[in-house]
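Q: would you be able to build a 3D model of this:
(one chain, ligands or ions: 1)
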Amino acid sequence: MHTEAAPGTGHSVIETVGLSVRFGGHLAVSDVTCAFNAGTLTAIVGPNGAGKTTYFNLISGQVRATSGTVHLHREDITRMTVAQRTKRGIGRAFQLTNLFPRLSARENIRLAVQARARTGDDFLALWSSHVELIDKAEHFLEIAGLGHHAATPASALSHGDQRKLEVALLMAMEPDVYMFDEPTAGMSVDEVPIILDLIRRVKAQGDKTVLLVEHKMDVIRSLADRIVVLHNGCVVSDGEPAEVMASDVVREAYLGRAAAAREGVR
Ligand SMILES: Nc1ncnc2c1ncn2[C@@H]1O[C@H](COP(=O)(O)OP(=O)(O)OP(=O)(O)O)[C@@H](O)[C@H]1O
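A: Numbering: from 1, shown residues only. Predicted coordinates:
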């Protein structure tokens, strides 16, 4: 399936062309051509098993494509490792696996700021001489609402605070492309707004490309400029949220008639 980039405020930053991956006899992602522009937030949606996470894995490098290509700033990154892609500006929030559990929230963020600044490999020892970087780390700690937990080891934070810390770490790395896979999963209702606010802050920078795999319609509605719907590994709809949610193919493939009625999609 071939789709054009939705209009955005910037140029195409990340693009997949004819991207497919086959696991044994199963085509998990099938010929996906999509371009994502700077300054836009795209929600990737679809039913369980549609290929959303696999598509993310192909972009960030955890899974190698069977055919097709991935481009970042027009450079072909298809054969690059995860680390090479990260270095070039792809930032993915993983379900907490990016955190150093025994380090405090503050130390986790400082390491991310330091990695971004590439001040060297001597990690924490360098901090006393890097006031600017320390201030930057405190800024991310505060906007994540973690100031009062700065000294708490990441492993001792609540699940919600760990998710916030992970997003703050990603922001401290300042990638060009942010990839969030169900960022509010498992969070309590009162913690969700902080994560959404962090993602809005990323978006408000205007030059970032944000990709979001999400099931919750209210989250999608509040954040997305564009929705891409995957079904059986293929793009079945791609466009502005109102248009996509109103389409018959989405009602059938993704929401189902009962869910569509519940969501108030007409
Ligand atoms: N490493 C793998 N080996 C074999 N099959 C896989 C592998 N990874 C994913 N799959 C299969 O590919 C299909 C797409 O899976 P994927 O996890 O990408 O779907 P999804 O849309 O993210 O689903 P969910 O919403 O449930 O997370 C599924 O049928 C899954 O079982």
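
Q: skipping its backbone neighbours, what lies nearest the most centrally placed residue in the chain in space?
A: The C-alpha lying nearest the average C-alpha coordinate of the chain belongs to Met179 (C-alpha atoms, centre = their mean; 1.6 Å). Nearest residue to Met179, sequence neighbours excluded (C-beta to C-beta, 6 or more residues apart in numbering): Arg92, at 4.1 Å. Where C-beta positions appear, they are placed from N, C-alpha and C, glycine not excepted.

Q: quick one: mean pLDDT over stretch 252-266.
A: Rounded to a whole number, the mean pLDDT of stretch 252-266 is 52.

Q: so which residues of the chain form strands?
A: 12-23, 26-37, 41-45, 67-72, 75-76, 90-93, 177-181, 209-213, 226-231, 234-239 (DSSP state E).

Q: centre of the chain to the first one, how far?
A: Here strand 12-23 is found 16 Å from its chain centre; the criterion is C-alpha atoms, centre = their mean, to the nearest Å.

Q: go on, the fifth one?
A: Put simply, strand 75-76 sits 20 Å off its chain's centre (C-alpha atoms, centre = their mean).

Q: contacts for it?
A: Thr69, Val70, Arg88 (C-beta atoms under 8 Å, 6 or more residues apart in numbering).

Q: just the residues you listed now: which is nearest the ligand?
A: Minimum distance to the ligand across the contacts of strand 75-76 is 15.6 Å, recorded for Val70 (C-beta to the nearest ligand atom).

Q: what sits against the residue lying closest to the closest one once chain neighbours are set aside?
A: Leaving aside its chain neighbours, Val70 sits nearest to Thr78 (4.9 Å; criterion: C-beta to C-beta, 6+ apart). Residues in contact with Thr78 (C-beta under 8 Å, 6+ apart) are Arg64, Ala65, Gly68, Thr69, Val70.

Q: just Leu41 next, same as before
A: Per C-beta under 8 Å, 6+ apart, neighbours of Leu41: Ile199, Lys203, Val210, Leu211, Leu212, Leu223, Ala224, Asp225, Arg226.

Q: distance of it relative to Ala144?
A: Noted for Leu41: a distance of 19 Å to Ala144, by C-beta to C-beta, to the nearest Å.

Q: picking that back up, so what pairs up with the residue nearest to the centre of the chain in the strands?
A: Note on Met179: beta-bridge partners by DSSP bridges are Arg92, Leu211.

Q: ok, now how distant is it from the ligand?
A: Met179 sits at a distance of 13 Å from the ligand (criterion: C-beta to the nearest ligand atom, to the nearest Å).

Q: OK, contacts around the closest residue in space to Ala115 that isn't next to it in sequence?
A: Excluding the flanking residues, the one nearest Ala115 by C-beta to C-beta, 6+ apart is Met173, at 6.6 Å. Going by C-beta under 8 Å, 6+ apart, Met173 touches Thr86, Gly91, Ala112, Ala115, Arg116.

Q: show the pLDDT at the fourth one.
A: It refers to Ala115. For Ala115, the model assigns a pLDDT of 80.
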